[in-house]
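>>> Would you be able to build a 3D model of this:
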Amino acid sequence: MLQVREREFILFVSQSLQFQNGRFQKEKFHRILGQIYKSLCALGAYCVGSDSCLSPRILSHIAEYASSLETFYICLHSQNNIGPLRRFFHQNEITAQLAVNENGLRKAFEAFMAEIAGGATQAVTQFRVVAEMQHEELLELLSLRSNSFALSFSNDGPYFIYHLISSSNSLSLVPACPKVFHGRETELDQIITILMTDSPRVAILGAGGMGKTTLAMAALHSSAVVARYPSRYCISCETSTDCFELVTSLCLHLGVETTSRQLTKIVLRFLRQHGPCLIVLDNFETPWESQESRTAVEEFLSLLAEIPTLGLLVTMRGSERPAGVKWNRPFLPPLEPLSLTSSRQIFVDIAEEPVPTEESALDELLNLSGGLPLALNLLANIASFDGYLGTLERWNIENFMLLSIGNDKGSNLEKSITLSIQSPHILSFPAARDLLSVLSLLPDGITLNDILASKADIPNVRRCQSLLVRLSLAYNDPGGRLKVLSPIREYVRRVYAPSAALSISIRLYFENLLETWRSTQFQHELLSKNLTSTLLANLGNIHELLLAGLITDDKATLKAVGRSIIILDEFSAAMLRGSSPLSRRLPHLIEVTGDAELRWDYGHRCVRNPEILDQRSVDVELWIAEGAHHFASGTRPVQQAVTFYNAAAWHYLQIFKIETANEFNKQAFYVADGAGDVLQRLSCLETEFRIAHTSGERSRELEIIRTARDLAQFRSVPSLLKCSWLEMEAWVNLHTGNLDRTCQLCTQMEGILIAGGMEQSDRRLSVLGLRAEVHYRKTEYLEARQLYDQILKATSPTSSPRHHANALSSTAHLDLLTGGDTGPILTMINAAEAICKTLDSSSILACQFTKTYLDMPREGADASRAEFLHCLGKSRGSFRDVQTHCLAVLGDYRLQLYDATETFRWAATSLAFVQQMRDVVGTMSALRCLADVLFVLGDEETALALFHVALGGGDRIGIHRLKAECLVGIGDIMMRRGDRTEAEKMWTDARLSFLRCTRINDATAVEVRLLALNKGSAA
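Residues are numbered from 1 along each chain as shown. Next up is the predicted model:
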C-alpha cells in the first residue's frame, strides 16, 4: 500500500511551492498536483470501501503510479538544489521533463481509474466532501485556541495544501500529554522550575529510548508552562540533516513564508516580535551531529538563544550539549534508566496488575527492559494482550525482534538504537564499536583497568569509552564500571557480535583470575581481597563469557572452560550467589572431552556439597569405586589423591557410615604422610575432626586441634585453612561451655574474612551461626533471633540452602520459646522442612522436633510423648544434637509428659548422655530437671543442692533461663519451709532473669506468685 510519511510529504509540498514561484508553467504544475490529489482521494476511498484484498492487477497499477510520483518528486527535488541562474538556462529541459512526468502520471491514473470504474468516481467526490468537512471542523477547533488563527481555503487541492502550510498553527500542534508517566517527577519539576525563569535554556540528554521526548511533552503540558507561554511549538528535527533543513522546518511550524532566501533572519524577526514563546527542538542531534553542519547549526541555535522572550528546550541523544548557548545551571543530568518501582508501575498502568503466577514473569520482563522507558512501553503493550507469561515466551523465541515491530524510533527500539550506532562519530572511529561489541557480552560492565589487563585488541580504549558515553550508548556507574543497558546490549550482541579474538581475550583473562583465586587460597590477604572483589563484580560477565566459550569443537578449549565452570561454581556458592547454572553442562562436557581430571574435579565438587546432588547426574558410589581403583596405584598427584579420599570420607560421614569414613580418612593420611605434605595432612586432620564431632568424641576433637596447632607452627598456614581450624575450635569451646572463648574465636575469624574480602561469604554465615548458638545457649533469645534474621536475608532456598534451612528452623524454635504466634512459626517450619528434604535427615528431624513441641498444647501429653520418642529413636547413634533435645524434653517434669517417677528416669538418662558428650550447658539443664523431679518426690535436700549447683553453673556461663528456673525451684522449697522472705527474694530475681531471656509468660507467672505472696503477708 502507498505510504507517505507526514514529514516527507510536507517537505515535498514545500519544495513544490518554491518551484512554482520560478519561471515555469504554473498551470501545468497545478494540473499535476491536482491530479495527484484526486488520485490519492480515489485510492483512499477505494481501499476503505473494499471488502477484500486488492487484486494483483490493481496492485500493479498502484506500483506504476507510485513510480511516477517518485519520478516527479526527484524532478522537483533536483531543482531545489540548483541556483536561479542555472535554473534559467535549463528552463527548456525542466519544461520537457514536467511534460513527461505529467504524461506518465495521467496514463497511470487513467489505467487505475479504468480498473476501479464508476465506483471510484463516486468515491472521489464523497472522499473530497468528507475531507473538506473534517478540515472545516478542524479549523473551527483551532480558531477557539487562537484568535489570531486564520486559514484561507480553496476547493482546489494544491491551494488547500499551500494555505494549510502557510497557517501559523497548522503544523505547530503540540503532541498530546503522556498518559503514562512515572519515575521522572524530579526531572520534570526541575525543568518546569527552569522554564519559569527568564530566557530558559534546557537540554534533555540521554540514550535512545530513554524517554526524553516524553519528558519534554510532560513539561509542555504543565499548567504553569501553558500559562507562561501562550505559544508553544514542538519541532521534530529527525529529518533535518543540516542547518538549512532545520530552519525550513522551523519556518513551516511557525507559519513563516519559505519563499525568501533570508529564512534565518525572517525566523528570528518573527520570534522577536511574537512575544513569550517556547520551542522544543526534539532529536536535535540529527542536524547537530554532523561535523559538516555542526558549526552552522550551533550558530543558528546561539541566535535563537539570544531572543529574551524565547524559551528553548532541546532533546538530544548522548551526553553532550551544543556549544554557543548559555544553558541553565545546574545542568539537567543525562536521563538514567527508571527505577524498578517506576518500571513496574508503567507495566501495570499499560497492561494490568499481574496475578501471583505471573509475578516472576513480570520480574524477568522488568529485568530485560533495563529500565529503558521505550522498552518498557513496548513490552507492556504486548503484555496487555498476550499476558506476562505469553510475552516472556515470545521474548524467548523472538528475542530483540519483539521490540522491533513499529515503523519509527518511537515504536521500534532497534531503529532507535541504530540511529546512535550509525552516528558519524562511531563510523569515523570503528574501535568504539569494537568496545561496544565486547560490552554486549558483559552484563556487569567492566572497568577500564580490566579491559587493559585483558590485552584485548582495542586501540585507544579511553577514547572509545569517552565516545560511547558521549553518545549515551554506554554509561559509567558510580563504581566506575563502563556499562550498557540491557536492551542495547541484546541488540548489539545480535547485530554487532564481537570478534572471536576479542571475546577470547576477555574470557582468558577472567579464567586466569579464577585459577588464581583457587590456587592462592588466601595466602596473601591483600591479593585475596582484591581478587575476591573483582570476581564478585564480574560474576555475570564470567557466566556469559564461559557460555560463549562452549560454542566450539576444540576439546582443549572445552576442558579449560569446564575447569573454569567448576571454580566459578565453587566461588559463587561460597559467596552466597548459589550454584552456577553452567555447572549443569559439566556432565556433557566430561563426556565430550573424556578428561579424567575434569571428571575427578567435578565429582569432588558434588560429593562435598550433597545439597546439589539431586540436580546433577552423579552416581557417588560409582564415582568412589572408580576413584579408589584410579588412585590405588599411588602414582597420581598427592593433592588429587588426598582430595579424593577426604571427599569419600565426607560422603560416608553424611550418611553416618562412620567406620567407612574413618577408613577413607586413613587412606588420605597415608598418602599425605608418605609425601611429607603438611598442608595435605592438615586437610586430613580437618576431615578427622568432622568425624569425631559427628560421633560426639570431645576428647578426640581436642586432641586433633592440638595436633593441628603443632603442625601449623612449622609453616605458614593459608588464611582459609586457618579460618576452618578456628571454627572447629570454636565449636569445641561452645559444647564445653566456654562461651566467651567461642566469641573470641569468632572475632578472629571475622578479621580473617574481612581481610580476604570474604565478609559476605558462607564462612561469614558460619560465624553468624556460631554467635547465634552462643546466644541461644545463654538463652538470650532476642539476640540469637536477630543473628538468624541476618542469615535469612543473606540466603535463600537455592543460595546456601543449608544455612537458610537451619536459620528458618532455629528462628521458629526461638519464636516458640518466646511465645510467638503459631501460624508464622508453622510456616517457617514447613519451609525449612521442604529445603531439608534435599539435605540430610538430621535437618528434617530438627524440624519434626520443633513441630512436635509446637503441637504439644493441642495434641496432649500422650501424642506428644509418642512423637518425641519416635524422633529420639531415629536420632539415636547419629544425630546427637536432636538426641540431646529429645532427652531434655522427656526429662523435664514441667512439661508433664510423664509422672514424676518416669520423668526421673529420663532426666537421669539425659544427664548421663550430656556428660558423655561433655556438654556443660546440657549438664546444667539436666541437673535442674533432676532437682524438679526430686522436689516433687519429696527429696527437698537433694533437690535444693542440685538447684544450687545448676544455679552456680548458669550464673558462671550466663544462662539466664536456667538461673530463673533454678531460682523459682529454690523459692518453692523456701516457701514450703515457711521462709517467705527468701522465697520472695528468689522469685523477684527469677522474674528479672525471665524478662532478660524474653520468657514473658514465665515472668508473668512469677509475678502472680509474688502478688499472692504479698496479699498473704498483708492478711
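>>> buried sites along stretch 316-336?
Residues of stretch 316-336 classed as buried by neighbour count (16 or more other C-beta atoms under 10 Å): 316-322, 325, 327-328, 332, 334-336. From N, CA and C alone the C-beta is placed, and that goes for glycine too.
>>> for stretch 660-671, same thing?
Buried-residue list, stretch 660-671, by 16+ other C-beta under 10 Å: 660-662, 664-665, 667-669, 671.
>>> and those residues, which of them are in helices?
Mapping the buried residues of stretch 660-671 onto helices (DSSP state H) picks out 660-662, 664-665, 667-669, 671.
>>> Just give me the closest of those residues to Thr884.
Closest approach to Thr884 among these (C-beta to C-beta): Ala661, at 21.8 Å.
>>> for that closest one, what are its contacts?
Residues counted as contacts of Ala661 (C-beta atoms under 8 Å, 6 or more residues apart in numbering) are 649-653, 691.
>>> what's the spacing between it and Asp881?
Remark: distance between Ala661 and Asp881 (C-beta to C-beta, to the nearest Å) = 18 Å.
>>> For the helix or strand hosting His253, what is the distance to the chain centroid?
Using DSSP states H and E, His253 sits in helix 243-254. Centroid separation for helix 243-254 versus its chain: 44 Å, with C-alpha atoms, centre = their mean, to the nearest Å.
>>> Give the buried residues for it.
Neighbour-count burial for helix 243-254, with 16+ other C-beta under 10 Å as criterion, is recorded at 243, 245-254.
>>> that's a strand at Cys234, yeah?
Yes: according to DSSP: H, G, I helix; E, B strand; the rest coil, Cys234 belongs to a strand.
>>> OK, contacts around it?
So Cys234 contacts 172, 174-175, 216-217, 220, 280, 282 (C-beta under 8 Å, 6+ apart).
>>> Secondary structure, neighbour count and distance to Thr309 for the residues you listed - can I get that in TSV?
TSV is the format used below for the contacts of Cys234 (DSSP: H, G, I helix; E, B strand; the rest coil; neighbours: other C-beta atoms under 10 Å; distance: C-beta to C-beta, whole Å):
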residue	secondary structure	neighbour count	distance to Thr309
Ser172	coil	17	17
Val174	coil	15	18
Pro175	coil	15	23
Ala216	helix	24	20
Met217	helix	20	22
Leu220	helix	21	17
Val280	strand	25	16
Asp282	strand	20	21
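>>> farthest pair in the residues you listed?
Ser172 and Ala216 (14.8 Å).
>>> Wait, Ser416 touches Leu372, no?
No: if you go by C-beta atoms under 8 Å, Ser416 and Leu372 don't touch, sitting 9.4 Å apart.
>>> what do those two both touch?
Between them, Ser416 and Leu372 share the contacting residues Gly209, judged by C-beta under 8 Å, 6+ apart.
>>> thinking again about what came up before, so which of the contacts of Ala661 belong to helices?
649-653, 691.
>>> Now the two most distant members of those residues.
Farthest pair in those (C-beta to C-beta) is His651 and Ile691. Separation: 12.0 Å.
>>> Output the lowest mean pLDDT helix or strand found in this structure.
helix 157-166 (a mean of 35; mean pLDDT, DSSP states H and E).
>>> Let me know the next secondary structure element after that helix.
Following helix 157-166 toward the C-terminus (DSSP H and E): helix 185-195.
>>> How far away from the center of its chain is that following helix?
Helix 185-195 sits 29 Å away from the centroid of its parent chain (C-alpha atoms, centre = their mean).
>>> which residue sits closest to the residue sitting nearest the centre point of the chain in space, ignoring its chain neighbours?
In the chain, the residue lying closest to the centroid (C-alpha atoms, centre = their mean) is Asn367, at 5.9 Å. Residue nearest to Asn367 in three dimensions, not counting chain neighbours: Ser486, with 7.1 Å by C-beta to C-beta, 6 or more residues apart in numbering.
>>> Next, count neighbours for the one you found.
Ser486 has 17 neighbours, counted by other C-beta atoms under 10 Å.
>>> thought it was touching Leu366?
No: the pair Ser486 / Leu366 is not scored as a contact, 10.0 Å apart, by C-beta under 8 Å.
>>> what about the residue lying closest to Leu721 once chain neighbours are set aside, helix or strand, and which?
Spatial nearest neighbour of Leu721, chain neighbours left out: Leu682 (6.1 Å); criterion: C-beta to C-beta, 6+ apart. Remark: Leu682 resides in helix 678-695, with elements defined by DSSP H and E.
>>> Next SSE downstream of that helix?
helix 698-712.
>>> Pull out the buried positions in stretch 450-468.
Buried residues in stretch 450-468, defined by neighbour count with 16+ other C-beta under 10 Å: 450-451, 454, 456, 458, 461, 464-465, 467-468.
>>> Please name the residues that touch the nearest residue to Val592 once chain neighbours are set aside.
Once flanking residues are discounted, Val592 sits nearest to Leu558: 6.2 Å by C-beta to C-beta, 6+ apart. Taking C-beta under 8 Å, 6+ apart, we find Leu558 in contact with 550, 552, 589, 592-593.
>>> Repeat the analysis, applying 10 Å as the threshold.
Counting by C-beta atoms under 10 Å, 6 or more residues apart in numbering, Leu558 makes contact with 549-550, 552, 585, 588-590, 592-593, 595, 598.
>>> got it, and Glu759?
Contacts of Glu759 by C-beta under 10 Å, 6+ apart are 529, 532, 750-751, 753, 767.
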